Structure formats: structure tokens, C-alpha cells
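Asker: Structure for this input, please:
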Amino acid sequence: MAAIEPMNQFMIHKIVEIPPVQIGGISLDMSITNSVALMMVSAALITIFFLTSARGAVVPGRMQALAETLYDLVDKGLTGPMIGDRGRPFLPFVFTLFSLIAVMNIIGLTPGIFTVTSQLAVTVILAVMTFLIVVIVGFMRNGLGFFKLFVPSGVGLVMAVPLALIEFISFMVRPVTLSMRLFGNMIGGHVVMYMFASFVIGLGLFALHTGGFAYAGLLGSALSLAMVIALMALEFIVAFLQAFVFAALTCTYLSDVVNLDHGH
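Answerer: Residues are numbered from 1 along each chain as shown. Modelled structure (predicted):
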């Protein structure tokens with residue numbers, strides 16, 4: 001029986017080989033990998049879905065109703081309550097993040113399909129991009145007053161320095177926690193599901209080839225199959241939930257800098 005290699009599903013391989021591009025002595029590999037291809041597919045599916053569903057009908061059909069529900073989830077469930085009226089300009093960015101992560105997560109649940117968000121490089125880029133936008137918005141709206149974010153109001157001078165240091169460290173690790181949360185949930189769930197799926201095949205083949213008491217392995221195979229089905233349902237929830245959590249934390253970080261003059 002072949003060895004079980006649950007990490008093979010996360011391997012990146014090239015689909016279209018493109019010659020490297022030289023920029024300032026640095027060689028950039030522009031080849032299209034399975035990761036890049038699925039990000040492009042995800043973006044295309046999102047674009048097609050919203051172009052198709054954006055009919056503006058008074059009585060919405062199923063697709064328009066679904067699109068409006070997702071939009072309201074981010075608008076009335078995240079940016080509005082968490083950032084307030086000042087959050088309206090950031091709605092497109094947060095909604096794009098939510099949609100892209102959700103679609104990439106769900107596509108990755110298809111058997112044999114690569115999961116883009118199981119790659120730390122992808123989640124780090126999303127987290128760093130979010131972090132940089134928060135910093136840029138913070139300085140644009142508050143100038144040097146941005147640094148008030150690290151000094152809680154009403155704190156004496158003696159406690160201000162250590163608290164400011166703690167707040168600064170907490171702020172700087174946000175990209176790490178944001179990227180690791182999404183990456184860890186995606187890779188962990190897929191590994192567990194892969195292991196149980198391998199038990200379905202392994203125990204079933206062992207029982208059929210050995211016979212006798214080994215037929216009890218069919219029971220283990222059936223139980224493993226039930227676990228795979230249950231885990232698949234759970235992973236669908238996690239795929240959507242992790243996109244929501246990423247968007248919610250983005251709103252929290254934006255609210256800190258957008259409403260800095262109100263909160264300090």
C-alpha cells in the first residue's frame with residue numbers, strides 16, 4: 001500500500017512555463033502555477049457572478065437575492081456597525097477581501113483541487129496588504145496623531161511608556177496573527193479530512209484483500225466515510241467563517257485608525 005502523504009495536496013507546481021523576467025538584476029519567475037491559476041479562477045467566478053446577478057430588479061431572483069445578502073452581510077454586518085458612517089469608503093475593499101477568501105476557501109474543498117489559502121505566502125500577502133492600508137489610512141487621517149493609537153487615554157506618564165510598548169508590539173504582530181489564523185485553519189482541516197479519507201480506502205482494501213476477521217475493517221471504513229462527510233460539512237462552514245473573520249478583523253483595525261479622534 002502506498003504511503004499516506006497528506007502534505008502532497010499543498011504542493012505548488014507550474015502549469016504554464018513562462019521565461020523569467022529580469023528587473024534590476026533580479027530574476028522574476030512569471031510562470032503560472034496551480035496557486036496562481038486558481039486565484040485567477042476565483043476572481044473570474046466572483047466577477048461573473050456579480051455581473052450576472054446585478055440586474056437591479058425590484059423583485060430579485062435567486063442570484064440577485066444571494067448577491068444582495070452577501071453585500072448586506074458585509075455592509076450592515078461589518079463595515080457599518082464596526083466602523084460607522086466613516087466605513088462606507090472601505091466597503092469595496094472589505095467586500096472584495098471577504099468574497100475572494102470565501103471563494104478560494106470553498107474551491108479548495110473540491111477533491112483534488114489545490115487550496116490557495118493553505119499557502120502561507122498567500123495569506124501573508126493578504127494580511128500585509130491589509131496592514132499597510134490601515135497604516136496609510138491612519139497617517140492620512142490623523143497625521144502624527146496616529147501614534148495616539150498606542151497610548152490609551154487617561155493613563156499616567158509612568159504607565160504610558162510600558163503600555164505604549166505593549167500596544168505597539170500588539171499592533172505590529174497583527175499581520176502575523178491575521179495570516180496564521182487563515183492559513184492554520186485551512187491547512188489543518190484539509191490534513192484531517194485527507195487522513196480520514198485515506199482510512200476509508202486503506203481499511204476497505206485491507207478488509208477485502210485479507211478476508212476473515214479483517215472484514216471488520218469495513219466497519220472502520222464506513223465510520224471514516226461518515227467522518228469525511230461530517231468534516232466536509234464543517235469545512236464549508238469554516239471556509240465561510242474564516243473569510244468573515246478576516247473581513248471582521250480588517251474592519252476592527254480600520255476602525256481603530258478611522259475613529260481615532262473619537263476613541264482617544
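
Asker: is it true that Pro60 touches Glu68?
Answerer: Yes: using CB atoms under 8 Å as the test, Pro60 is close enough to Glu68 to be in contact (6.3 Å). (C-beta placed from N, C-alpha, C; glycine too.)

Asker: can you list the weak-confidence ranges in the protein?
Answerer: In the predicted model, the chain carries pLDDT under 70 at residues 1-9, 56-59, 154, 206, 208-209, 211-217, 262-264.

Asker: one more time with 50, if that's ok
Answerer: For the chain, residues meeting the criterion pLDDT under 50 lie at 1-2, 264.

Asker: Let me see the ranges of the strands in it.
Answerer: 14-16, 21-23, 26-28, 32-33 (DSSP state E).

Asker: Report the contact partners of Phe93.
Answerer: 133, 250 (CB atoms under 8 Å, 6 or more residues apart in numbering).

Asker: where's it relative to Leu144, distance?
Answerer: 25 Å (CB to CB, to the nearest Å).

Asker: again with Thr110
Answerer: 49 Å.

Asker: same deal with Ile46?
Answerer: Here Ile46 is placed at a distance of 38 Å from Leu144 (CB to CB).

Asker: more crowded one of those two?
Answerer: A count of neighbours by other CB atoms under 10 Å puts Ile46 above the other of Ile46 and Leu144, at 16 against 7.

Asker: so the more buried one sits right up against Ile101, yeah?
Answerer: No: under the criterion of CB under 8 Å, Ile46 lies out of contact with Ile101, with a separation of 10.7 Å.

Asker: Count the neighbours of Phe150 for me.
Answerer: Using other CB under 10 Å as the criterion, Phe150 is surrounded by 16 other residues.

Asker: which residues touch it?
Answerer: Contact analysis of Phe150 by CB under 8 Å, 6+ apart lists 164, 167-168, 171.

Asker: Among the residues you listed, name the ones in helices.
Answerer: Applying DSSP state H to the contacts of Phe150, the entries found in helices are 164, 167-168, 171.

Asker: need those residues in CSV with distance to Ser118 and neighbour count, can you?
Answerer: Rendered in CSV, the data for the ones in helices among the contacts of Phe150 read as follows (distance: CB to CB, whole Å; neighbours: other CB atoms under 10 Å):
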residue, distance to Ser118, neighbour count
Ala164, 37, 17
Glu167, 32, 14
Phe168, 31, 14
Phe171, 27, 17
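
Asker: And these, which two are furthest apart?
Answerer: Maximum pairwise distance in the ones in helices among the contacts of Phe150, criterion CB to CB, is 10.3 Å, between Ala164 and Phe171.
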